[in-house]
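1. Here is the input, now give the coordinates:
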Amino acid sequence: MIDDHEMMTKIKVALPYSFDPLPFMWDSVPWGEKTLHALTSRLLKMESSMKHKQDTFAETTKSEVIYASKPNNINASNGASGSK
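-> Numbering: from 1, shown residues only. As a prediction, this is how the structure comes out:
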């Protein structure tokens, strides 16, 4: 059976690119505070933060698409006056 520190190492090296900041943040954690629970907590916080950013970006993009798709706004966003 592997110990917690080995498990934490395996988790860190298996993380996707989006979690790249974690190893640098984890290195600043004092040795005595590096527990599997602490690592899991940080991963969950990062995941929640990334999800929030994705949702915010998606909502902003959706709003921009809706705004730009309205006939009066298409001409305004292209710099056209709308009258001939």
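
2. Give me the below-cutoff pLDDT ranges for this structure.
-> Residues of the chain that meet the criterion pLDDT under 70 lie in 57-84.

3. hmm, try it at 90
-> 1-2, 5, 12-13, 16-27, 49-84 (pLDDT under 90).

4. Surely Leu15 touches Leu22?
-> Yes. Using CB atoms under 8 Å, Leu15 is in contact with Leu22, at 6.3 Å. The C-beta positions use only the backbone N, C-alpha and C, and glycine is treated the same way.

5. Could you check which of the two has the larger neighbour count?
-> Leu22 (16 against 13; other CB atoms under 10 Å).

6. thinking again about what came up before, overlap in contacts of Leu15 and Leu22?
-> Residues touching both Leu15 and Leu22 by CB atoms under 8 Å, 6 or more residues apart in numbering: Leu43.

7. Could I get the buried residue list for the helix or strand where Glu6 lies?
-> Using DSSP states H and E, Glu6 sits within helix 4-14. Within helix 4-14, the residues that qualify as buried are Met8, counting by 16 or more other CB atoms under 10 Å.

8. Stretch 20-38 now?
-> Applying 16+ other CB under 10 Å to stretch 20-38 flags Leu22 as buried.

9. Dump it to PDB, restricted to CA.
-> C-alpha atoms of stretch 20-38 as PDB (Å, rounded to 0.1, in the frame of the first residue of the first chain):
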ATOM      1  CA  ASP A  20      -0.500  23.700 -13.600                       C
ATOM      2  CA  PRO A  21      -0.400  26.400 -10.900                       C
ATOM      3  CA  LEU A  22      -1.100  23.800  -8.200                       C
ATOM      4  CA  PRO A  23       2.400  22.300  -7.900                       C
ATOM      5  CA  PHE A  24       3.900  25.800  -7.400                       C
ATOM      6  CA  MET A  25       1.300  26.700  -4.800                       C
ATOM      7  CA  TRP A  26       1.800  23.300  -3.100                       C
ATOM      8  CA  ASP A  27       5.500  23.900  -2.800                       C
ATOM      9  CA  SER A  28       4.800  26.900  -0.600                       C
ATOM     10  CA  VAL A  29       2.900  24.800   1.900                       C
ATOM     11  CA  PRO A  30       4.900  23.900   5.000                       C
ATOM     12  CA  TRP A  31       5.900  20.200   5.000                       C
ATOM     13  CA  GLY A  32       3.800  19.500   8.100                       C
ATOM     14  CA  GLU A  33       0.700  20.800   6.500                       C
ATOM     15  CA  LYS A  34       1.000  18.700   3.300                       C
ATOM     16  CA  THR A  35      -1.800  16.200   3.800                       C
ATOM     17  CA  LEU A  36      -4.000  14.300   1.400                       C
ATOM     18  CA  HIS A  37      -6.900  16.200   2.800                       C
ATOM     19  CA  ALA A  38      -5.200  19.600   2.300                       C
END
